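Trainee: sequence first, predicted coordinates after that:
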Amino acid sequence: MAVTFMGDHIEARSIGEKSYQTAEKLWTEITRVCLKQDCYKVLGIAVSTRQMSVMDSINHDELFKKFGVTPKYKIAWTESNRNEFDKLKNLETILINRGFRGKVFADVEEARAWLLKD
């Protein structure tokens, strides 16, 4: 896991198995860097060996509340493991339905372009 300020956005890289616990660890660091840099555009770059469970995905709403992630954040998330990508699209739908600005992509450059568009 690595979270880096890139000048106009935050880049978060995550490799391996995903769970609520790994998401909590990652978002702890993401929100710390966002607050420090006063930058709320987040590009996630994931290579998952196993995506989190459906229940853990649903609980992202609570995770975001815990860390103060609000709709001021704009989140572009990529997943290079095609088998896990489709599962991540479910999380995208859940978060959009709850008012968050976010989108899941298979391509990092496409995600970055969408993130920085406005």
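Mentor: On my side now, so go ahead.

Trainee: ok, longest helix in this protein?
Mentor: helix 20-37 (DSSP state H).

Trainee: after that helix comes which helix or strand?
Mentor: Next helix or strand after helix 20-37 toward the C-terminus (DSSP states H and E): strand 41-50.

Trainee: could I get the buried residue list for that next one?
Mentor: For strand 41-50, burial by neighbour count (16 or more other Cβ atoms under 10 Å) applies to 41-46, 48. Where you see a C-beta, it was placed from the backbone N, CA and C, and this is true even at glycine.

Trainee: buried residues, whatever helix or strand K87 lives in. List them.
Mentor: According to DSSP H and E, K87 maps onto helix 82-97. Judged by neighbour count (16+ other Cβ under 10 Å), helix 82-97 contains these buried residues: 84-85, 87-88, 91-92, 94-95.

Trainee: and those as TSV, adding pLDDT and distance to L115?
Mentor: Output for the buried residues of helix 82-97, formatted as TSV (pLDDT from 0 to 100; distance: Cβ to Cβ, whole Å):
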residue	pLDDT	distance to L115
E84	74	20
F85	76	17
K87	70	21
L88	77	16
L91	76	17
E92	84	14
I94	77	20
L95	79	15
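
Trainee: quick one: low-confidence parts of the chain?
Mentor: Along the chain, the parts satisfying pLDDT under 70 run over 51-58.

Trainee: how about E11, what does it touch?
Mentor: By Cβ atoms under 8 Å, 6 or more residues apart in numbering, the contact set of E11 is 2-4, 43, 45.
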